[in-house]
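Asker: Just to be clear, the model below is a prediction. Sequence and coordinates:
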Amino acid sequence: MMHALPRIQSHLTVRTLAGEAVVYDPRSRATHRLNATALTIWRWCAEARGSADVARRLTATFEVDAAQAEADVRATIDALYERGLTDGLLLS
Amino acid sequence: MGEDQTNPAAPNRADGDALVHVARYQLGVIGLELRSDSRRAVREYDRYYAEFRCASHATDPIVVDVRRSASRWRRNQRFDVSSNGRPRSSFRSAADVPPHVDWAVNWAIGLDRGEYFQVHAAVLSRGAHGVVLAGASGSGKSTLAAALLLSGWGYLGDEFALLDPDDGRLLAFPKALCLKQPSWKLLRSACGLSGLRACCRRRAEGPVALLPARRVRGDAIATSAMPRLLVFPAARTGGAPRARPITPADALMRLARLSFNFFSYGARGLEVLERLVRSAPAYELAAGELRATVRLLGELFDDALEALREDAPMRVPA
């Protein structure tokens, strides 16, 4: 099922380091580390057409089946939202 | 009203009618003006820091006041320490002056020296290259720093990695190493260091000794270094030391947590740390037997310098 993707918060500072990223949020003054998978999903949030598109890209890039990819996308987007890195959860 | 910086016994009138003894020190990039109504207090500090006396400071100094309470009875005397006007600690024995002044200076650096990006770390060097041993209290960084110092490394400090935010250089604040009692025996057996004795007892940590780096080696103190190796030690005694490489992002997160002023730097702090983790490989170190740990750190350092040489652009012969 296609869900609209949340948007990445625009006020964040991001540094990419050897395939991972550190994100600094000046509002909460918190730093967050994104591993390679989370960074990939986070970036795709900005360009993919919906969650199914992100899951499809994930399946094509990493060795995961479709169900696992969808679960990973949902879990990652939930975690990104909890940390204040996106403006919402997956929208139906 | 002249102030005599070379003779702590020479008093000056300041702060009302109190007789004040003033002594000035330059510890790397940190200037200290120690003021006290007790000649003994200055003398006690000089036991560890006389070599750092100076006539004037390059930059605004941190001002530490040590006031003795007015009591006719020596056993009731009390010393109150403040740094840059903020009360810090109180204690009874003049022999406790040096560590209490050190801790007051540490506080003032954390609060008032925002021009340096600060990480809780010991810093040592070989030539122009530095290793940062970053960790919270109890991680064993001072013990490792002492062992490296005794093995011939240069010393920049055991409490702060002070980074120039513009060029990423590590700058010296070579205060005396503060060693807790459990490390005395380790340093004696592994490095032959003897003669450490308690100069103060901290409630949480027990007796501590101060070890001035210049008493170990006259040329021990370095002025600055470029960071080439980042190590996050965890204290262990005995056994073989183990080092595990960690990713630059992991290192950056750890350094941000160990920084005293990351948040006041904001996004610029991220830039400073990004440059740091890009310039030096990072390891988590499970320290073991002290001599073996020093050897391992030397090998990691040599590897880091070798990698740096391989990355350097080839020089074309003239």
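Answerer: Yep, that arrived.

Asker: I figured B:S224 was touching B:P174, is that so?
Answerer: No. Counting by Cβ atoms under 8 Å, B:S224 does not reach B:P174; the two are 11.3 Å apart. C-beta: built from backbone N, CA, C; applies to glycine.

Asker: so who does residue 80 touch?
Answerer: Using chain A. Applying Cβ atoms under 8 Å, 6 or more residues apart in numbering or on different chains to A:L80 gives the contacts A:P6, A:A38, A:I41, A:W42, A:C45, A:T86.

Asker: Oops, wrong one, chain B.
Answerer: Contacts of B:D80 (Cβ under 8 Å, 6+ apart): B:D65, B:V66, B:R67, B:S69, B:P87, B:S89, B:S90.

Asker: Which SSE is immediately downstream of the helix or strand hosting it?
Answerer: Element membership for B:D80 (DSSP states H and E) is strand B:79-83. The C-terminal neighbour of strand B:79-83 among helices and strands, as given by DSSP H and E, is strand B:86-91.

Asker: Mind giving me the packing neighbours of the helix or strand that that next one is followed by?
Answerer: For strand B:86-91, the following helix or strand on the C-terminal side (DSSP H and E) is helix B:97-112. Other helices and strands packing on helix B:97-112, by 3 or more Cβ pairs under 8 Å, 6 or more residues apart in numbering or on different chains; DSSP states H and E, are strand B:30-36, helix B:39-49, strand B:62-68, strand B:79-83, strand B:86-91, strand B:160-163, strand B:200-202, strand B:206-211.

Asker: worst average pLDDT in the ones you listed?
Answerer: Among the helices and strands packed on helix B:97-112, strand B:200-202 carries the lowest mean pLDDT, at a mean of 71.

Asker: follow-up on the earlier one: what about the contacts of A:L80, which are in helices?
Answerer: Per DSSP state H, helices hold the following members of the contacts of A:L80: A:A38, A:I41, A:W42, A:C45.

Asker: residues contacting the third one?
Answerer: Read it as A:W42. Here A:W42 is in contact with A:I8, A:A21, A:L34, A:T76, A:L80, A:L85, A:T86 (criterion: Cβ under 8 Å, 6+ apart).

Asker: The residues you listed in strands, which ones?
Answerer: Cross-referencing those against strands under DSSP state E gives A:A21, A:L34.

Asker: so which of the contacts of A:W42 comes closest to chain B?
Answerer: Checking these against chain B by Cβ to the nearest Cβ gives A:A21 as the nearest, at 6.6 Å.

Asker: Now do the same contact list for that closest one.
Answerer: A:V14, A:R15, A:R33, A:L34, A:L39, A:W42, B:A249.

Asker: Output the ones in helices among the contacts of A:L80 as JSON lines; include the columns pLDDT and distance to B:R228.
Answerer: Output for the ones in helices among the contacts of A:L80, formatted as JSON lines (pLDDT from 0 to 100; distance: Cβ to Cβ, whole Å):
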{"residue": "A:A38", "pLDDT": "90", "distance to B:R228": "30"}
{"residue": "A:I41", "pLDDT": "87", "distance to B:R228": "35"}
{"residue": "A:W42", "pLDDT": "86", "distance to B:R228": "32"}
{"residue": "A:C45", "pLDDT": "81", "distance to B:R228": "37"}
